[in-house]
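*Asks:* need a structure here:
(one chain, ligands or ions: 1)
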Amino acid sequence: MKPVSTAEPSTEPKLERAAGGQQPASGAASLPVVTGRDADSQPAEDELQGALAADPPLAPTEEFLAELADHSQRLETACPQQILAWAVERFAPKFSMATAFGPEGMTIIHMLSEIAPETPIFNLETGYQFKETLQLREAVKQRYGIEVEFKYPQQTVQQYEAANGGPVYKTDPNRCCFDRKLRVLKEAARGLHAWASAIRRDQSEDRAKAPIVGWDKKFQLVKISPLANWTKKEVWSLISKHEIPYNPLHDQGYPSVGCWPCTRANSLGEDERAGRWSGFQKTECGLHD
Ligand code: SF4
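*Replies:* Coordinates of the predicted model:
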C-alpha cells in the first residue's frame, strides 16, 4: 500500500512532534513487541520491514492480553479522565486518538486537553464529510490549541469515483468504508501501540460488550474506550457544562454524523445510529466491529 498523504506533507509529522515532547511511559520498555521478521524480501517490503523493525507493533502474547483484561476490569469503576490518564502513562507517546468529531469524540478531546494535550489526534478525511464536521477541526484548534491531523485516502473523491464508475457508497458501502477509512487507519496505526475510541456501550448492540481496555485485532493496537460506561446524557451534560464545541447537525436531528451520503436525520424513537447507512444492513464502518 502506498503511504497515506496528510494535511501538511511538508511539515514534520505530528506524531513525531508529540514523541519529542513526552517522556516514554515507565512501563513502555516492557511491552511485548513483534520481532524476528524475515529480511529476505523485495525492496518495498524491505523498507516496510525496516520501519517495522525500528518501530515494531505490539505482540498480543497471552500474558499481555491477560494484563489488558486485568486493567480493563480494574478501570470499570474509574471515570473517563482516570482511564485516559492511565492510557497516557502506559502508552504515550505511542498513544493516539482517531475522531470523527462526534459528541463523544469532542468530550474526549476536551479531557485530553487537560490531561495530555500533546496526544496526537487525527481524523479520517474520506472526502465525504459534512462541512460542519470539517469546521470542527478549526474549532478544536481555537478552543484547545490542538491541531487535529487529517488523514487522507490515496485517491481524491473525484479519482476514486472515476476509477470505479461512480460513487461506491451507493452500491458497496463496505468497500467504500474499507478504501476510505480502514486502509487509512491501518496506515495511520503504524508505529502506534494504543488508540482511544469514543464508543459507548449503550449506543448499539454492536458496542454493548466493548471492554474499557482490549486488544484490537484488526489494527494490532490496544484499544481504550474511556466512555464505554457513560450515557448519552452524561456526554451532553459535560458538553453543556464546559461549552465544548459540537457539530451543529446534532441540533438538526442527526444524533450520529458520518459521511454525508450515508447519514440521514433520525425519526422520533429511532436507534441513535439508525440514520447511518440507511437502507443497508450495515451499522458500523468497520473501525469498531
Ligand atoms: S461512510 Fe459512506 S461515504 Fe463514508 S467511507 Fe463509508 S461508505 Fe464511503
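*Asks:* may I have the beta-bridge partners of Asp216?
*Replies:* Residues in a beta bridge with Asp216, per DSSP bridges, are Leu221.
*Asks:* tell me the contacts of it?
*Replies:* Neighbour list for Asp216: 195, 222-223 [criterion: C-beta atoms under 8 Å, 6 or more residues apart in numbering]. (Glycine included, C-beta is placed from N, CA and C.)
*Asks:* by neighbours, which of those wins?
*Replies:* Highest neighbour count within those, by other C-beta atoms under 10 Å: Val222, with 26 neighbours.
*Asks:* hang on, that one packs against Ala194?
*Replies:* Yes - the pair Val222 / Ala194 is scored as a contact, 3.9 Å apart, by C-beta atoms under 8 Å.
*Asks:* overlap in contacts of those two?
*Replies:* Common neighbours of Val222 and Ala194 (C-beta under 8 Å, 6+ apart) are Phe91.
*Asks:* among the contacts of Asp216, which one sits closest to Gly214?
*Replies:* Of all the contacts of Asp216, Gly214 sits closest to Lys223, with 5.4 Å by C-beta to C-beta.
*Asks:* so how far is the helix or strand that closest one falls within off the chain centroid?
*Replies:* Per DSSP states H and E, Lys223 falls inside strand 221-224. Mean-position distance between strand 221-224 and its chain equals 10 Å (C-alpha atoms, centre = their mean, to the nearest Å).
*Asks:* residue numbering should commence at 7 henceforth.
*Replies:* That works, and once the first residue is 7, the last one we named lands at strand 227-230.
*Asks:* mind giving me the packing neighbours of that strand?
*Replies:* If contacts are counted by 3 or more C-beta pairs under 8 Å, 6 or more residues apart in numbering; DSSP states H and E, strand 227-230 sits against helix 86-97, strand 200-202, strand 219-222.
*Asks:* where does the stretch 107-256 of the chain have low pLDDT?
*Replies:* Residues of the stretch 107-256 of the chain meeting the criterion pLDDT under 70: none.
*Asks:* want to throw the helices and strands packed on strand 227-230 into a markdown table with distance to the ligand?
*Replies:* Formatted as a markdown table, these follow (distance: least, C-beta to the nearest ligand atom, whole Å):
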| stretch | distance to the ligand |
| --- | --- |
| helix 86-97 | 26 |
| strand 200-202 | 19 |
| strand 219-222 | 19 |
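*Asks:* most packed of these?
*Replies:* strand 200-202 (a mean of 25; mean count of other C-beta atoms under 10 Å).
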